[in-house]
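Participant: okay, here's the prediction I keep looking at, along with the sequence it came from:
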Amino acid sequence: MKPYSKSLASVSSVASPTPGLNKTILALTWGKTKEFLSYKFRRSGKLVVEVPAYCSSQASAACGHTHSDNRVCQSDFVCQSCDQRDPADHNAAAVIAKRGVRCKV
Ligand SMILES: [Zn+2]
């Protein structure tokens, strides 16, 4: 056995001693990231708005129609109501931007 193989095995065996620990660590990391970004943005006079991302990949930025069928594939978005067509990531970013504006009006 190579020396580093044993080290990796030891690390992986202690990586998650309790169920949900990884999720908790990730949540803490995300919390620290939000805290850091909020601090930096506010310090430079910028507005910070936390926006719920729920269903942003299935909602139309044009009309608001939300349905899983709007995602024709991983990369493309086609609204089944108004026929808006966009790259899926672009549409989701527009949905989140609109939600952010709505939160602070
Ligand atoms: Zn639509």
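Facilitator: That came in fine, so what should we check first?

Participant: what strand or helix carries Gly31?
Facilitator: Following DSSP states H and E, one finds Gly31 within helix 21-43.

Participant: which parts of whichever helix or strand comes after that helix are buried?
Facilitator: Reading on from helix 21-43 to the C-terminus, the next helix or strand found by DSSP H and E is strand 76-78. Of the residues in strand 76-78, those buried under the neighbour-count criterion (16 or more other Cβ atoms under 10 Å) are Phe77, Val78. For every residue, glycine as well, the C-beta is placed using N, CA and C.

Participant: next one: stretch 65-84 to chain centre, how far?
Facilitator: For stretch 65-84, the separation from the chain centroid amounts to 19 Å (computed by Cα atoms, centre = their mean, to the nearest Å).

Participant: pull it out as CSV, backbone CA atoms only.
Facilitator: Extracted as CSV, the C-alpha positions of stretch 65-84 are listed here (Å, rounded to 0.1, in the frame of the first residue of the first chain):
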residue,chain,number,x,y,z
HIS,A,65,-45.6,31.0,-15.5
THR,A,66,-43.9,28.2,-13.5
HIS,A,67,-43.9,24.6,-14.5
SER,A,68,-41.3,21.8,-14.8
ASP,A,69,-42.2,21.4,-18.5
ASN,A,70,-40.6,24.9,-19.1
ARG,A,71,-37.2,23.1,-18.9
VAL,A,72,-37.1,21.3,-22.1
CYS,A,73,-33.5,20.2,-21.3
GLN,A,74,-30.7,21.1,-18.9
SER,A,75,-29.6,24.1,-20.9
ASP,A,76,-32.7,25.4,-22.5
PHE,A,77,-35.8,27.2,-21.2
VAL,A,78,-39.0,27.4,-23.2
CYS,A,79,-42.1,28.9,-21.5
GLN,A,80,-45.1,26.7,-22.2
SER,A,81,-47.4,29.7,-21.7
CYS,A,82,-45.8,32.6,-23.7
ASP,A,83,-43.1,30.8,-25.7
GLN,A,84,-40.2,32.8,-24.2
